[in-house]
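Novice: Provided below are the primary sequence and the corresponding predicted coordinates.
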Amino acid sequence: MRVGILGGGQLARMLVLAGTPLGLRFRCLDPSPDAVAGHVSELVVGAFDDPAALRQLAAGVDVITFEFENVPASTTELLLQHATVRPHPRALAIGQDRLLEKQLFARMGMGTAPYQPAHTLPELRAAVAAIGTPCIVKTRRLGYDGHGQVRLRDASDLDAVLARTHAELTRGNDGGLIVEGFVPFQRELSVLAARGLDGAIAVWPLVENVHESGILATSRAPAPAVDAPLQRTATAFITAVLQELDYIGVLAIELFQLGDTLLANEMAPRVHNSGHWTIEGSVCSQFENHLRAVLGLPLGSTAMAGGGHATMVNCIGELPPRTASLHLPGVHVHAYGKTPRPGRKVGHATVVDADRARADAMAAALRALGQARPGEWPLTR
């Protein structure tokens, strides 16, 4: 069986690595000849809206899936003419637009932070006045890892801030903006689930996430101090979204916890950074289950493996020293083959242990190792 993947970054790379033991073959499409999925699979180099490249991606594959959701609508329309696409692009359209996401969450009965859309500068001023400060101004489309958003902490010098914000956020983006109010959340969580072609659904335990400068830094699974009712709420919510969208594949939804209440933040219609721990920490990883789902194969178990606790650390900008990292017991290192640079996800490491405190301690030791020494992680691209 052959799978086409739109995108050639680390998520595509990990999908390929998960599917290779199953005898699957892969072809990825990416604009960059240095895309890291090309280290482990066939790579078509071309723009995401290039009809010839899209036809080459689709030729002879059993299914096409996505590494990321921000692709032109024309791309998905053309792909549907040549191949089976899962998840269906209707889910991508919602995942691309923060306003459509919130409207979907409301239909499914889940609350969100207060919000108001805006297209013009007067509408933006009115939205900020209505929501109040502090608030976050975001692009409705094309935002990720802290990009495409600006925090407004108070109303002082509001006109100057808004004028600059509007110009910066709307440059090259005609989707408009959304103003979101701050909520006094205790922590950030995420829930991930896979839905198969037969309608079967498998949900992983809730994950606790910590972000730094808008980028995920650590994930802990299962999230500590989650009681059964909170897990049931998250499971019921993501199940409802999967069924509403007739979704096939892995879906991730980011949540805020306020006491015994959950608010929905955003969703990702693809495998997700907060699920990387599943490679070693779950009986079946998010990457393998996504492939099983889109190919119509039975889903694997989402139960915890390796003792029951996992802590994942993102490597941002630099990788920790290889020798020192591998000396730490229970640490599994994943280097993506990317050239280091500030703010770039170049790898991750997961600690799996029967003891939560020990897993966290090893993860903290990994983070303390600091930047990689030159030459320790030879990069081919």
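Specialist: Done, it's in.
Novice: Could you use CA atoms for every contact and neighbour count after this?
Specialist: Will do.
Novice: quick one, strands of the stretch 51-200 of the chain?
Specialist: Remark: strands assigned in the stretch 51-200 of the chain by DSSP state E, counting those that start in this stretch are 63-66, 115-118, 135-139, 149-152, 177-181, 187-195.
Novice: Okay, helices next: where are they in the stretch 251-381 of the chain?
Specialist: Secondary structure of the stretch 251-381 of the chain (DSSP state H, counting those that start in this stretch): helices at 278-281, 286-294, 322-327, 356-368.
Novice: which one of the ones you listed has the lowest average pLDDT?
Specialist: Per-stretch mean pLDDT for these is lowest at helix 322-327 (a mean of 89).
Novice: Could I get the contacting residues of residue 240?
Specialist: Taking Cα atoms under 8 Å, 6 or more residues apart in numbering, we find residue 240 in contact with residue 108.
Novice: Report pLDDT for it.
Specialist: At residue 240, the predicted lDDT confidence score is 97.
Novice: low pLDDT regions in the chain?
Specialist: Applying pLDDT under 70 to the chain picks out residues 142-148, 155-158, 161-175, 370-381.
Novice: Out of the helices of the stretch 251-381 of the chain, the one nearest residue 265 is which?
Specialist: Nearest to residue 265 among the helices of the stretch 251-381 of the chain is helix 286-294; the distance by Cα to Cα comes to 20.5 Å.
Novice: For the closest one, what is the distance to the chain centroid?
Specialist: Between the mean C-alpha location of helix 286-294 and the chain-wide mean there is a distance of 15 Å, by Cα atoms, centre = their mean, to the nearest Å.
Novice: Residues touching it, excluding its own?
Specialist: For helix 286-294, using Cα under 8 Å, 6+ apart, the contacting residues are 14-15, 18-19, 63, 65, 86-87, 194-197, 248-250, 271, 275-276, 278-279, 298-300.
Novice: my read: residue 283 touches residue 299, true?
Specialist: No - using Cα atoms under 8 Å, residue 283 is not in contact with residue 299, being 11.0 Å away.
Novice: quick one: which of the two has more around it?
Specialist: Neighbour count, other Cα atoms under 10 Å: between residue 283 and residue 299, residue 299 has more, with 22 against 15.
Novice: Quick one: closest of the strands of the stretch 51-200 of the chain to residue 237.
Specialist: Minimum separation from residue 237 across those (Cα to Cα) falls at strand 187-195, 9.3 Å.
Novice: who does the following helix or strand past the closest one pair up with?
Specialist: Note on strand 187-195: by DSSP states H and E, the next helix or strand toward the C-terminus is strand 201-203. Paired neighbours of strand 201-203 in the sheet (DSSP bridges): strand 187-195 (antiparallel).
Novice: before we move on, back to that, minimum distance to residue 179: which of the helices of the stretch 251-381 of the chain has it?
Specialist: Proximity to residue 179 (Cα to Cα) singles out helix 286-294 among the helices of the stretch 251-381 of the chain, at 31.8 Å.
Novice: Let me know the angle separating that closest one from strand 187-195.
Specialist: Put simply, helix 286-294 runs at 40 degrees to strand 187-195, going by axes from the mean of the first three to the mean of the last three Cα atoms, to 10 degrees.
Novice: CA atoms only: put helix 286-294 into PDB for me.
Specialist: The C-alpha coordinates for helix 286-294 follow below in PDB (Å, rounded to 0.1, in the frame of the first residue of the first chain):
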ATOM      1  CA  GLN A 286      -0.600   8.600  16.900                       C
ATOM      2  CA  PHE A 287       1.400   8.200  13.700                       C
ATOM      3  CA  GLU A 288       0.600   4.500  13.300                       C
ATOM      4  CA  ASN A 289      -3.000   5.000  14.200                       C
ATOM      5  CA  HIS A 290      -3.400   7.800  11.700                       C
ATOM      6  CA  LEU A 291      -2.100   5.500   9.000                       C
ATOM      7  CA  ARG A 292      -4.300   2.700  10.100                       C
ATOM      8  CA  ALA A 293      -7.300   5.000  10.000                       C
ATOM      9  CA  VAL A 294      -6.800   6.500   6.600                       C
END
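Novice: Pull out the buried residues from that helix.
Specialist: Under the neighbour-count criterion of 16 or more other Cα atoms under 10 Å, helix 286-294 has 286-294 buried.
Novice: same question, stretch 347-354
Specialist: Of all the residues in stretch 347-354, those buried under the rule 16+ other Cα under 10 Å are 347-353.
Novice: so how far is that stretch from its chain's centroid?
Specialist: Computed by Cα atoms, centre = their mean, the separation of stretch 347-354 from the middle of its chain amounts to 18 Å.
Novice: One more: stretch 121-140?
Specialist: Its chain's C-alpha centre and that of stretch 121-140 lie 25 Å apart, by Cα atoms, centre = their mean.
Novice: okay, it in PDB with CA atoms only?
Specialist: Backbone C-alpha positions of stretch 121-140 (Å, rounded to 0.1, in the frame of the first residue of the first chain) are rendered in PDB as follows:
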ATOM      1  CA  LEU A 121      -9.300  48.500  11.500                       C
ATOM      2  CA  PRO A 122     -12.500  50.100  12.900                       C
ATOM      3  CA  GLU A 123     -13.900  46.600  13.500                       C
ATOM      4  CA  LEU A 124     -10.700  45.600  15.200                       C
ATOM      5  CA  ARG A 125     -10.900  48.600  17.600                       C
ATOM      6  CA  ALA A 126     -14.500  47.800  18.300                       C
ATOM      7  CA  ALA A 127     -13.700  44.100  18.900                       C
ATOM      8  CA  VAL A 128     -11.000  45.000  21.400                       C
ATOM      9  CA  ALA A 129     -13.300  47.400  23.100                       C
ATOM     10  CA  ALA A 130     -16.000  44.700  23.300                       C
ATOM     11  CA  ILE A 131     -13.700  41.900  24.500                       C
ATOM     12  CA  GLY A 132     -11.600  44.200  26.800                       C
ATOM     13  CA  THR A 133      -8.000  43.900  27.700                       C
ATOM     14  CA  PRO A 134      -5.800  42.000  28.200                       C
ATOM     15  CA  CYS A 135      -6.700  40.100  24.900                       C
ATOM     16  CA  ILE A 136      -5.000  38.400  22.000                       C
ATOM     17  CA  VAL A 137      -5.400  39.500  18.400                       C
ATOM     18  CA  LYS A 138      -4.900  36.600  16.000                       C
ATOM     19  CA  THR A 139      -5.100  36.000  12.300                       C
ATOM     20  CA  ARG A 140      -8.100  33.700  11.500                       C
END
